[in-house]
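In: from the sequence below, what's the structure:
(one chain, ligands or ions: 1)
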Amino acid sequence: MSGSADGIKSMCVVGAGQMGIGIGLVAARVAGLRVQFVDSSAAQLDKGLAFLDKLLAKDVAKGRCTEEARSEVKARITTCSSIGEAAAADFVVEAVSENVDLKRRIFAELSAAQPPGTILATNTSSISITKIAAAARRPECVVGMHFMNPVPVMKLVEVIPGLQTAKATLDTTLALAQRMGKTTTMSQDVPGFIANRLLMPYINEALVALQEGIATREDIDATMKLGTNTPMGPLTLADFIGLDTCLAIMKVLHAELGDSKYRPAVLLQKYVDAGWLGVKSGRGIYEYP
Ligand code: CAA
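Out: Down below sits the predicted model:
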């Protein structure tokens, strides 16, 4: 990998949800970038920044960061409510919900608003980078940069070039992910890339097992957690990721790959229809009072 991210001084993060906040925090704290969060919802920006403050406070409490360093990180962070108002950035990461039309609209707006050399990365977990890039003025500057949740803790970033992505865009993105303290892998632009192509059918099958009454939710989780030495069983992990996100990814895999093995579990669709989305809604496969 020959690229350098030394010239990257600022990042714009579109979407101040859990992923966007985690990405911006790591960019500001580990890579030392100026970070601007963009979100059309003032309430979401407030909630996101409160979460970021909590994570920074914990770093101070645990001795991983001094008070002074915390203030410096905070001073590098700003917010705004629209892409058009965002300051010029060297690198943009889009982290809004998994909706292809929304993402394409955002990339069209971003490429009109940001300076020509800016790299536009999407944190999509399954949507075609090539399709998102086609909506941008300079598709060669668009790339997939898929962080794992929770971003400050997970070591991996999957980097995905679309058909149009320039080598310089790819190399800078790989270098920036490494500057953010992450290990990178590279995947072709195929539905689900590497992580979700393997993870989501596993989670979906756990829901099928629950639906078929093969075992209780607790026994399915305990079997996989203790039996394969993973931090969470698949049903707990599904609640953690969000059942709506899991369903959206399964739908992309099913539609794009056309194989019935990717059909979303009926129970997964039912939970989402009920608004039982996991930890974030207070109820999913488990209850979170
Ligand atoms: N944001 C930031 N940090 C978080 C966090 C969050 N949302 N949730 C937990 N953490 C941190 C905690 O602050 C804690 O840090 P310290 O050790 O410094 O105190 C650390 O993670 C461990 O947390 P806990 O002690 O509370 O709990 P734990 O030991 O059970 O770990 C976990 C929690 C890190 C989430 C762990 O259970 C885990 O690794 N689970 C699997 C996560 C996973 O598989 N992620 C990938 C999901 S798939 C994906 O992201 C791709 C996609 O497109 C859907």
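
In: what parts of the stretch 101-250 of the chain come near the ligand?
Out: With CB under 6 Å from any ligand atom as the criterion, the stretch 101-250 of the chain meets the ligand at residues 125, 148-150, 152-154, 195-196, 199, 231-232, 237, 241, 245. Where C-beta positions appear, they are placed from N, C-alpha and C, glycine not excepted.

In: neighbours around the closest residue to residue 183 other than its chain neighbours, how many?
Out: Nearest residue to residue 183, sequence neighbours excluded (CB to CB, 6 or more residues apart in numbering): residue 155, at 5.2 Å. Other residues lying near residue 155 total 9 when counted by other CB atoms under 10 Å.

In: same question, residue 188
Out: 10.

In: was I right about it contacting residue 160?
Out: Yes. Between residue 188 and residue 160 there is a contact at 7.3 Å, judged by CB atoms under 8 Å.

In: can I get the one helix or strand residue 169 maps to in CSV, CA atoms only?
Out: Assigned by DSSP states H and E, residue 169 falls within helix 167-179. C-alpha atoms of helix 167-179 as CSV (Å, rounded to 0.1, in the frame of the first residue of the first chain):
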residue,chain,number,x,y,z
LYS,A,167,-6.2,4.1,-7.2
ALA,A,168,-5.2,7.3,-5.4
THR,A,169,-8.7,7.5,-3.7
LEU,A,170,-8.3,3.8,-2.6
ASP,A,171,-4.7,4.3,-1.4
THR,A,172,-5.5,7.4,0.6
THR,A,173,-8.5,5.8,2.2
LEU,A,174,-6.5,2.7,3.3
ALA,A,175,-3.8,5.0,4.7
LEU,A,176,-6.4,7.2,6.6
ALA,A,177,-8.1,4.1,8.1
GLN,A,178,-4.6,3.0,9.3
ARG,A,179,-4.0,6.5,10.7
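
In: mind checking which of the residues of the stretch 101-250 of the chain next to the ligand are buried?
Out: The neighbour-count test (16 or more other CB atoms under 10 Å) marks 125, 148, 149, 152, 195, 196, 199, 237, 241, 245 as buried among these.

In: got the residues you listed as a markdown table, with pLDDT, secondary structure and distance to residue 105 columns?
Out: Shown next, in a markdown table, are those (pLDDT from 0 to 100; DSSP: H, G, I helix; E, B strand; the rest coil; distance: CB to CB, whole Å):
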| residue | pLDDT | secondary structure | distance to residue 105 |
| --- | --- | --- | --- |
| 125 | 92 | coil | 18 |
| 148 | 97 | coil | 26 |
| 149 | 95 | coil | 24 |
| 152 | 96 | coil | 29 |
| 195 | 97 | helix | 25 |
| 196 | 97 | helix | 23 |
| 199 | 98 | helix | 28 |
| 237 | 98 | helix | 31 |
| 241 | 95 | helix | 24 |
| 245 | 93 | helix | 20 |
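
In: of all those, which comes closest to residue 258?
Out: Using CB to CB, residue 196 comes nearest to residue 258 of those, at 16.8 Å.

In: and the helices in the stretch 1-150 of the chain?
Out: Assignment of helices within the stretch 1-150 of the chain using DSSP state H, counting those that start in this stretch yields the ranges 18-29, 42-61, 67-75, 100-113, 129-133.

In: chain neighbours aside, what residue packs nearest to residue 264?
Out: Nearest residue to residue 264, sequence neighbours excluded (CB to CB, 6+ apart): residue 250, at 4.1 Å.

In: and the helix or strand where the one you found lies, what does it pack against?
Out: Using DSSP H and E, residue 250 sits within helix 243-257. On a contact count with 3 or more CB pairs under 8 Å, 6 or more residues apart in numbering; DSSP states H and E, helix 243-257 meets helix 195-211, helix 266-273.

In: on the three-state scheme, the residue of the stretch 151-289 of the chain found nearest the ligand is what?
Out: Nearest to the ligand, among the residues of the stretch 151-289 of the chain, is residue 231, at 3.7 Å (CB to the nearest ligand atom). At residue 231, secondary structure determined by DSSP: H, G, I helix; E, B strand; the rest coil is coil.
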